[in-house]
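Chemist: what follows is a protein structure lacking sequence information:
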């Protein structure tokens with residue numbers, strides 16, 4: 001029943017990812033374990049996208065850091081935590097990797113020759129109660 005479903009969607013306030021309007025009615029076939037669409041503006045999705053970006057930056061050999069510019073689509077699946085499936089556009093910033101800056105303060109490149117946008121698919125698996133984040137998939141092109 002939907003009565004039992006809601007607590008699974010909210011482990012803590014921070015990870016409350018699906019609004020109450022998205023809680024399926026009792027007759028719904030959606031069970032924990034099925035991916036469900038989630039608002040791309042939600043704090044949980046934005047946080048997960050940033051984790052994906054960290055993973056990309058760690059593995060790229062670009063001089064500059066990239067940052068998410070738009071989250072195009074987001075799904076979340078309840079599986080021993082929250083597994084986000086995200087389609088994200090990322091763009092090159094003016095921040096150089098070696099400076100270890102905070103991404104929030106990094107602006108996107110305005111120089112035409114340095115601008116670059118990539119489309120990424122990230123899977124970000126967050127287990128809040130043990131503060132664990134695992135990113136099994138980070139494909140950008």
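Modeler: Received it, and whenever you're ready, just let me know what you need. Being a predicted model, the structure only gives us computed values, none of them experimental.
Chemist: longest helix of the chain?
Modeler: For the chain, the longest helix by residue count, based on DSSP state H, is helix 43-59.
Chemist: in it, what counts as buried?
Modeler: The neighbour-count check on helix 43-59 (16 or more other C-beta atoms under 10 Å) flags 44-45, 47-57 as buried. C-betas here are computed from N, CA, C, even on glycine.
Chemist: where do the helices sit along this structure?
Modeler: Going by DSSP H, the chain shows helices at 2-9, 43-59.
Chemist: and those, which one is worst for confidence?
Modeler: Lowest mean pLDDT within those: helix 2-9, a mean of 39.
Chemist: and residue 58, how far is that from residue 65?
Modeler: Computed as C-beta to C-beta, to the nearest Å, the residue 58 to residue 65 distance reads 10 Å.
Chemist: no wait, residue 84
Modeler: For residue 84 relative to residue 65 (C-beta to C-beta), the value is 21 Å.
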